[in-house]
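# Pasted the sequence and its predicted model underneath.
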2 protein chains.
Amino acid sequence: MSLLVIGTVAFDAIETPFGKTDKILGGAATFISLAASYFTKEINLVSVVGGDFPQENIDMLKKHDINVDGLQIIKDQKTFFWAGKYHNDMNSRDTITTELNVLENFNPIVPDQYQGCEFLMLGNLVPAVQQQVILNLKKRPKLIVLDTMNFWMDIALEDLKKTISMVDVLTINDGEARQLSGEYSLVKGAQKILAMGPKYLIIKKGEHGALLFNKDQVFFAPALPLEDVFDPTGAGDSFAGGFIGYLASTKDISFENMKRALIFGSAMASFSVEKFGTENMIGLTQEQVDTRVQQFIDLVQFDIRLV
Amino acid sequence: MSLLVIGTVAFDAIETPFGKTDKILGGAATFISLAASYFTKEINLVSVVGGDFPQENIDMLKKHDINVDGLQIIKDQKTFFWAGKYHNDMNSRDTITTELNVLENFNPIVPDQYQGCEFLMLGNLVPAVQQQVILNLKKRPKLIVLDTMNFWMDIALEDLKKTISMVDVLTINDGEARQLSGEYSLVKGAQKILAMGPKYLIIKKGEHGALLFNKDQVFFAPALPLEDVFDPTGAGDSFAGGFIGYLASTKDISFENMKRALIFGSAMASFSVEKFGTENMIGLTQEQVDTRVQQFIDLVQFDIRLV
């Protein structure tokens, strides 16, 4: 059951209280595809990089069974670059540099061989571009998941609302849910956002876990309490990748299965934050993934039988 | 299996974004006893009030099967009074007034008929007074739970550390865990605090749930996502009351049973914040409690079988 992933493939330069990196591999679609690759082997990537993007990164993606036919390489331009610095609490960060480069005129062409995908993951991008991808698909996927951020709420709210109305699942963080809904209460805010179109809303709360809402139900997945959060970059994307990768592998989009997908997504996010950039998302073993998921089970499962 | 509860019985005046109260019934021991009363019928209260404390409050406690033989009434003095105002996010508050009154010279006398209790809940109080209660018991209870706050870390740290070394379970919030341990990471901080003596540590994270640690295990209980948090006053005490009330009723202090106790505690806290003061903690039905606990089960239970 093939998964189409659209989003950025980028260079990041990151500073956290634990250290500082040079330009390293990053980008929403990179984290999403890598996280999803532990669950499904039919991942089709659509993105764009410049002539400065190393072949070894492309080889690494291929090694994870990620199809890069849709990865455009614009030889005479540079790859999207973001530099940021996290504050001591790791919950907030300052953007130091954003160089759009190849992203400035990104036309997300969906190769013919990608048509017919059943799952579509729209990583954070210009809402109009995300929308274009949906329109470029000849058959509507079984499930469309959209990730976005406050930046687009600030500068392209109407485009974003239109895109939101076209998807099945929206993933945003708690601050963004409050901004989008105008409600401080996440419970009230969730219902307002669901009224905008999506059947499901996932509110990511970072180290405080994630909530899944539909009109009648709510489910909560915890974050794993870690000794140290080394670098939060890509945690939300790794979460989304694990989530949709698991759904694509099981071909089941019931609420019950989405609960499981949220746990697998949370597990992938927990790997992501333990090292800089994508470092910890490459070459994990099945045993490592299973052990991590078991930690989530142990963390929240209890046995109460009400009489 | 009797439960001894020590702590304040007080008047509170509370202002939240939802409204403002005159002097209403409050105090750690009040919330603890009321929450525990839904699980066990042998609750012995030790506290102190002034001549201004209404008989109807005492009658209400009795109606909840709370033994008030140990509630001292100092006729010519006034009851402890606290006034506070919550900020918009409900996660922080300013103290407007603190009148110690009867608390200033509180001598927590344990009546003879309270001796032999198997469970002891030390609500937030001067650490030296909490310690005195433990020393006043002829037989050490099966389980001693201590609640405290940052205020005592600021002004009576050595007394507090001594008290902490004498108990089995410590409950504090995340900020207090960071202050007490000197570690930002709650996982690292928990191990440092456990090294101070308690076998179990509960870190309360308010709307983000609560963590239970022992040396080898960790369990997470979520908070229920509510439409509105009306008044957070007493949430931590209601949590503690549900926790120890459930343990006292089941007479089982294993880690597995503490997990359940954490969920029952979280359920009681969720009732507490839905109305001002103790209003929602009085006269709940068994059905209301069961329905609420079922909501917690539905919120976090999932079915993942790893092969």
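Happy to help now that I have it.

# Isn't residue A:121 up against residue A:241?
Yes: proximity of residue A:121 to residue A:241 meets the contact threshold set by CB atoms under 8 Å, at 7.3 Å. Every residue, glycine included, has its C-beta placed from N, CA and C.

# quick one: which of those two has more around it?
When residue A:121 and residue A:241 are compared for neighbours, residue A:241 comes out ahead with 35 against 32, by other CB atoms under 10 Å in any protein chain shown.

# element containing the more buried one, please.
Element membership for residue A:241 (DSSP states H and E) is helix A:235-250.

# now the helices for chain A?
A:28-36, A:55-63, A:127-136, A:150-155, A:157-164, A:174-181, A:186-194, A:235-250, A:255-272, A:286-300 (DSSP state H).

# can I get those helices in CSV with distance to residue B:28 and mean pLDDT?
Shown next, in CSV, are those (distance: least, CB to CB, whole Å; pLDDT from 0 to 100):
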stretch, distance to residue B:28, mean pLDDT
helix A:28-36, 45, 98
helix A:55-63, 56, 98
helix A:127-136, 50, 96
helix A:150-155, 39, 96
helix A:157-164, 45, 98
helix A:174-181, 30, 97
helix A:186-194, 28, 98
helix A:235-250, 37, 98
helix A:255-272, 34, 98
helix A:286-300, 28, 97
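
# closest point of the stretch 51-200 of chain A to chain B, which residue?
residue A:187 (4.8 Å; CB to the nearest CB).

# actually the stretch 101-250 of chain A, not the one I wrote
Counting by CB to the nearest CB, the stretch 101-250 of chain A gets nearest chain B through residue A:208, at 4.2 Å.

# Can you tell me which residues in the stretch 151-300 of chain A are near chain B?
By CB under 8 Å from any CB of the partner chain, the part of the stretch 151-300 of chain A that sits against chain B consists of A:184-188, A:205, A:208-209, A:211, A:217-222, A:225-228, A:256, A:259-260, A:262-263, A:290, A:293-294, A:297-300.

# ok, back up a step: any residues in contact with both of residue A:121 and residue A:241?
Residues touching both residue A:121 and residue A:241 (CB atoms under 8 Å, 6 or more residues apart in numbering or on different chains) are A:5, A:32, A:36.

# which non-adjacent residue is nearest the second one?
Pointing back at residue A:32 there. residue A:241 (3.8 Å; CB to CB, 6 or more residues apart in numbering or on different chains).

# isn't the one you found right up against residue A:36?
Yes: applying CB under 8 Å as the test, residue A:241 and residue A:36 come out as touching, 4.2 Å apart.

# Need the overlap of contacts for the two.
Joint contacts of residue A:241 and residue A:36 (CB under 8 Å, 6+ apart) are A:5, A:121.

# ok, residue A:57 to residue B:141 distance?
From residue A:57 across to residue B:141, the span is 61 Å (CB to CB, to the nearest Å).

# The two: which is more packed in?
Legend: neighbour count by other CB under 10 Å for residue A:57 and residue B:141, higher for residue B:141 (21 against 18).

# measure the more buried one to residue B:9 for me?
To residue B:9, residue B:141 is 21 Å away according to CB to CB.

# got it, and residue A:2?
Taking CB to CB as the measure, residue A:2 falls 64 Å from residue B:9.

# got it, and residue A:154?
For residue A:154 relative to residue B:9 (CB to CB), the value is 50 Å.

# Residue A:85 against residue A:21, yeah?
No: using CB under 8 Å, residue A:85 is not in contact with residue A:21, being 11.2 Å away.

# Name the member of the shared contacts of residue A:121 and residue A:241 with the most neighbours.
Neighbour tally across those (other CB under 10 Å): the maximum, 36 neighbours, falls on residue A:32.

# Tell me how many other residues surround residue A:192.
15.

# how about the residues of the stretch 1-150 of chain A near chain B?
A:88, A:89.

# still on that earlier bit, give me the more crowded residue out of residue A:85 and residue A:21.
Using other CB under 10 Å as the criterion, residue A:85 and residue A:21 rank with residue A:21 on top: 18 against 14.

# In contact with that one, which residues are there?
Per CB under 8 Å, 6+ apart, neighbours of residue A:21: A:12, A:13, A:14, A:15, A:276, A:277.

# Tell me the spacing between it and chain B.
Look at residue A:21 and chain B: by CB to the nearest CB, to the nearest Å, they are 21 Å apart.

# I'd like to know how far that residue sits from residue A:190.
From residue A:21 across to residue A:190, the span is 36 Å (CB to CB).

# again with residue A:29
Distance, residue A:29 to residue A:190, using CB to CB: 27 Å.

# who's more crowded, those two?
residue A:29 (29 against 24).

# any idea how far residue A:126 is from the residue nearest to the more buried one when sequence neighbours are not counted?
Using CB to CB, 6+ apart and skipping the chain neighbours, the partner closest in space to residue A:29 is residue A:7 (3.3 Å). Applying CB to CB, the value for residue A:7 to residue A:126 is 11 Å.

# out of these two, which sits in the more crowded spot?
residue A:7 (27 against 20).

# all strands of the stretch 1-150 of chain A, in order?
With DSSP state E, counting those that start in this stretch as the criterion, the stretch 1-150 of chain A has strands at A:3-6, A:10-16, A:19-20, A:24-26, A:43-50, A:66-74, A:81-86, A:93-99, A:119-122, A:143-147.

# Let's have the ones you listed in a markdown table, adding distance to residue B:137.
A markdown table is the format used below for those (distance: least, CB to CB, whole Å):
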| stretch | distance to residue B:137 |
| --- | --- |
| strand A:3-6 | 62 |
| strand A:10-16 | 49 |
| strand A:19-20 | 51 |
| strand A:24-26 | 59 |
| strand A:43-50 | 63 |
| strand A:66-74 | 64 |
| strand A:81-86 | 49 |
| strand A:93-99 | 51 |
| strand A:119-122 | 60 |
| strand A:143-147 | 56 |
